[in-house]
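Engineer: next one to model:
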Amino acid sequence: MFHTIRAEQEALGLDPWAPFANEEEWHLVKWLIARVGQTAIDEFLKLPIASHMNTSFTSKYTLMKAVDRLPQGTEWKLKKITVEGNVVTNGGQHEKEELELWLRDPVDCIQELMGNPQFKNMVSYAPERMWTGDWWWEMQARLPEGAVVAPVILASDKTLLLQFRGDQEVWPVYLTLGNIHKEIRPEHYRLFHYCMTQVLEPLVSAGQDGVDMTCPDQQVRQMHPIVAAYIADFPEQCLVACCMENRCPKCTVGCDHCGDMRPSAPRKQDSTIKNLQLHSRGELSGEIFESELGLRAIHAPFWATLPHNDIFQCMTPDILHQLHKGVFKDHIVSWCTDIIGKDALDAQFKSMTSYPGLRHFQKGISKRKQWTGADYRELQHVFLGVIAGGVENRVIAAVQAVLDFVYYAQFQSHTEKTLSHMQAALTSFHPNKDVFIELGVREHFNIPKIHSMIHYAESIHLFGSADGFNTELPERLHIDFAKRAYRASNRRDYVIQMTTWLRRQESLQIQDAYLQWWASQCAADEDSAASEHDSAISNSDSDSDSPSDPGAPELFNVMPRQIHHFTMLTATHGYYLPKTCHFPNTPIQRLIDHHGASLFIPALESFICEHAPTIQSHGNLNLQGRIDVYKYITVLLPTHPHVSNSKCFFKVRASPVVASKDPRKPLVPARFNTALFIEERALYNGKGISGLRVGEIKAIFSLPSRFGTFPHPLLYIHWFRPLQTFDNDLQTFRLVRSSRQHQPNAVVLPADLLLRPCHLIPRFSREGVIDKPEQFYLNKYIDLELFERLS
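Structural biologist: Numbering: from 1, shown residues only. Below is the predicted model of the structure:
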């Protein structure tokens, strides 16, 4: 795609940023379109100062005309659909309504995706055993040799264009490809299927016969676009599967057996189509059709003609609505609240200890009205520790099983071991769930979302990890592509205006991506020319074609921007200390008084004696001595590919009470984070907890220059006892503070022994108060990395 744009520009003698005058004007255009409304654009361009900029456009009209000359994506088309209602007019005719279906050819969209050179290193043309599920391998075997499967992933979800008023609804359908790595009523039901049939009609012949497409590497391949996955929430899944909402869209489990773990026969596409046709001809009674089969009268489902497709197999796990909101928040949290009581549960949330980035529910959770996916996850981080003292052990076991399942389901890649752990968690939940009936907070478990957990392992085997099919993505796309587009319209005849807005936004994105590609190509051409010049004059005898430092490029790819800020201990693990000291020349007495560093002097003396035995430090350390103290240190953890591909940055704090700059606001509370330290290097192998120990960081400081130099910052900590006491009910460690001669067990450690922060949950009693102030649980649910480490 970009090669074609570049060739056309060169043939016409145009600059890369045409039709705009130069690069500066292009950046102005992007800012105006993204940040300024159309009326305000006109007002801005009429200001006297705007005339001095000498832009190639002088009004909103000329600007939009220029934008319309940019490269465009797939064309929007309009199909009008006439729907006959059930209201009869005075003339005896049924009233009719004309609806608009705006669509783009899905094959053209796929060609546009595959033709984007930016995806060159992010596209797979064949299944890979490590990263793809079984579906791709099975589908590849059906196609002729040399053909490439294009796994089409669809997502749909009806949404309101305005959140608080109005009744304008749209039903967006989104499409992407599995080749691209993931790091990137009956009448109404029938209408939905009819519209989807119109939208996906080009995929029928393309999936069957294949289409030649130019790929990001400029190679032409025969691609077969085949619907592989459908991302939708539960009501939408039932709509697509033509089944009732008290049934499972993937299997034939009865509506009274959703609470059982026993497997049921999967739904079959051929038999479902046959039953739909029988019902349409009146050869299948309504009682059998609805009560026994649980089907809806949708006689022409859109998926009936799609090649190589099994729509029931396509239904992917929905972590957001099925697990976070459904099983956990709507059921587990609700049942535990009824057992413990709202007031007691709220009191325990209010008493929760702090942790970097953890949301503190200062008002409890019982009166909270609106919840987001992020809120559900924050709740999961601490929920087990909050209820631990207020419920019996079977409740703990059931809640822990659900949390374990939810956490394993969020892994970005799986092994047979992690899948077996996930399945074991589900197996543990079912024998313990009856405790909720015994306690009177539940009558039955015929809940489709609980039943859906049975299908997770099978879907992950088939399509890969469930995080790549989360409905949070289409909900985010609603904001970008539906709600923003509607706000840009004048609210009258808004759909055509929305498509125009989307087309222009896409043109800007294509042009911006093209300019980035063009700049990279120019840089590559310059590097190539320089390399050829150097090679011609070097007369080197070396027969190696590898770079002199093969590790450098990989290190740069891991941390392209942060590498020059961090002190790297390994290729992907390090720390960052702010360049500007927060509390320079702090008296040691202040550390003792405000940081609680009661044994700072003897601890630092021991450290200096150990690392610099030739320095006579005893006479120099006193209460009037001064050191540079920092509020925090940032730790970079190595990536864990099957947990998360993103870098983990943790800001670890050791900050005393600070007065607010605003006198109306209260004091900023002290924050002394707890963390895992490498106590014994010989035992620590990078995994698990062997060789690790928990400490509370009371001060972060640098060694005073009069004692010489040390390569790392220092941390004054108070140890907890070693990780030896394991709580079998909560499946985590119990911790108490370590002491020596009735004083804290204090040491000074270098920052290179700091592994990561950890969260300690206080032990609560059944009355909702902290039972033993000095006893804690090590919280393994604070994030996926620690969950994996402690599981």
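Engineer: pick out the residue closest to the middle of this protein.
Structural biologist: Asp467 (7.4 Å; Cα atoms, centre = their mean).
Engineer: which residues of the stretch 1-150 of the chain score low on pLDDT?
Structural biologist: The stretch 1-150 of the chain contains residues with pLDDT under 70 at 128-132.
Engineer: so which residues of it form helices?
Structural biologist: Using DSSP state H, counting those that start in this stretch, the helices of the stretch 1-150 of the chain run over 2-12, 23-35, 38-45, 48-51, 60-67, 106-114, 134-142.
Engineer: for the stretch 201-350 of the chain, same thing?
Structural biologist: 234-241, 269-280, 286, 311-314, 334-340, 342-350.
Engineer: thinking again about what came up before, contacts only, for the residue nearest to the centre of the chain.
Structural biologist: Contact analysis of Asp467 by Cβ atoms under 8 Å, 6 or more residues apart in numbering lists Lys182, Ile319, Ala409, Gln410, Phe411, Gln412. Heads up, the C-betas are built off the backbone N, CA and C, glycines and all.
Engineer: how about the nearest residue to the fourth one once chain neighbours are set aside, secondary structure?
Structural biologist: Pointing back at Gln410 there. Ranked by Cβ to Cβ, 6 or more residues apart in numbering and with sequence neighbours excluded, the top spatial neighbour of Gln410 is Asp467, at 5.6 Å. Secondary structure, DSSP: H, G, I helix; E, B strand; the rest coil: Asp467 is helix.
Engineer: and for Lys433, the neighbour number?
Structural biologist: The number of residues packed near Lys433 is 23, by other Cβ atoms under 10 Å.
Engineer: and it, backbone torsions?
Structural biologist: Dihedral angles of Lys433 (phi, psi; degrees, to the nearest 10) stand at phi -70, psi -20.
Engineer: ok, now Arg492?
Structural biologist: phi -120, psi 130.
Engineer: which residues does it contact?
Structural biologist: By Cβ under 8 Å, 6+ apart, Arg492 has no neighbours at all.
Engineer: just the pLDDT for it.
Structural biologist: Arg492 carries a pLDDT value of 81.
Engineer: likewise Gln505?
Structural biologist: Taking Gln505 on its own, its pLDDT is 89.
Engineer: separation between the residue nearest to Gln410 and Ile460?
Structural biologist: Computed as Cβ to Cβ, to the nearest Å, the Asp467 to Ile460 distance reads 10 Å.
Engineer: hang on, the earlier thing: widest-spaced pair of the contacts of Asp467?
Structural biologist: Largest separation among these by Cβ to Cβ: Lys182 and Ala409, giving 15.0 Å.
Engineer: poorly predicted segments of the stretch 601-750 of the chain, please.
Structural biologist: 612-620, 645-647.
Engineer: all strands for it, in order.
Structural biologist: 626-630, 632-637, 648-655, 671-672, 674-678, 692-701, 714-719, 726-727, 732-736, 739-740, 743-744, 746-750 (DSSP state E, counting those that start in this stretch).
Engineer: now do the buried residues in the fifth one.
Structural biologist: Translated: strand 674-678. Neighbour-count burial for strand 674-678 flags Thr674, Ala675, Leu676, Phe677 (criterion: 16 or more other Cβ atoms under 10 Å).
Engineer: look up how far Thr572 lies from the last one.
Structural biologist: According to Cβ to Cβ, Phe677 stands 19 Å off from Thr572.
Engineer: same question for Asn673.
Structural biologist: 22 Å.
Engineer: more neighbours: the two, which one.
Structural biologist: Asn673 (23 against 16).
Engineer: ok, now which ones touch the more buried one?
Structural biologist: Ser354, Tyr355, Pro356, Val652, Arg653, Ala654, Glu696, Ile697, Pro757.
Engineer: in the stretch 451-600 of the chain, which spans are strands?
Structural biologist: 567-568, 574-576, 583-587.
Engineer: tally of neighbours for the closest residue in space to Arg104 that isn't next to it in sequence?
Structural biologist: Distances taken as Cβ to Cβ, 6+ apart place Thr74 nearest to Arg104, at 4.5 Å, with adjacent residues excluded. Counted with other Cβ under 10 Å, the neighbours of Thr74 add up to 18.
Engineer: wait, Thr74 sits on Leu103?
Structural biologist: No. Applying Cβ atoms under 8 Å, one finds Thr74 not in contact with Leu103, separated by 9.8 Å.
Engineer: residues contacting Phe171?
Structural biologist: Not quite, residue 171 is Trp, not Phe. Ser156, Asp157, Lys158, Thr159, Phe192, Cys195.
Engineer: quickly name whichever of those is closest to Asp727.
Structural biologist: Asp157 (41.6 Å).
Engineer: relative to Leu306, how far out is that closest one?
Structural biologist: In terms of Cβ to Cβ, Asp157 sits 20 Å off from Leu306.
Engineer: the more surrounded of these two?
Structural biologist: Taking neighbours as other Cβ under 10 Å, Asp157 and Leu306 compare with Leu306 leading, 23 against 20.
Engineer: do you know how far the nearest residue to Thr58 once chain neighbours are set aside is from Phe57?
Structural biologist: Spatial nearest neighbour of Thr58, chain neighbours left out: Leu45 (6.1 Å); criterion: Cβ to Cβ, 6+ apart. For Leu45, the distance to Phe57 equals 7 Å [Cβ to Cβ].
Engineer: who has more neighbours out of the two?
Structural biologist: Using other Cβ under 10 Å as the criterion, Leu45 and Phe57 rank with Phe57 on top: 21 against 18.
Engineer: show me what contacts the residue lying closest to the more buried one once chain neighbours are set aside?
Structural biologist: In space, and not counting its chain neighbours, Phe57 is closest to Leu63: 4.2 Å by Cβ to Cβ, 6+ apart. The neighbours of Leu63, taking Cβ under 8 Å, 6+ apart as the test, are Val29, Leu32, Ile41, Leu45, Phe57.
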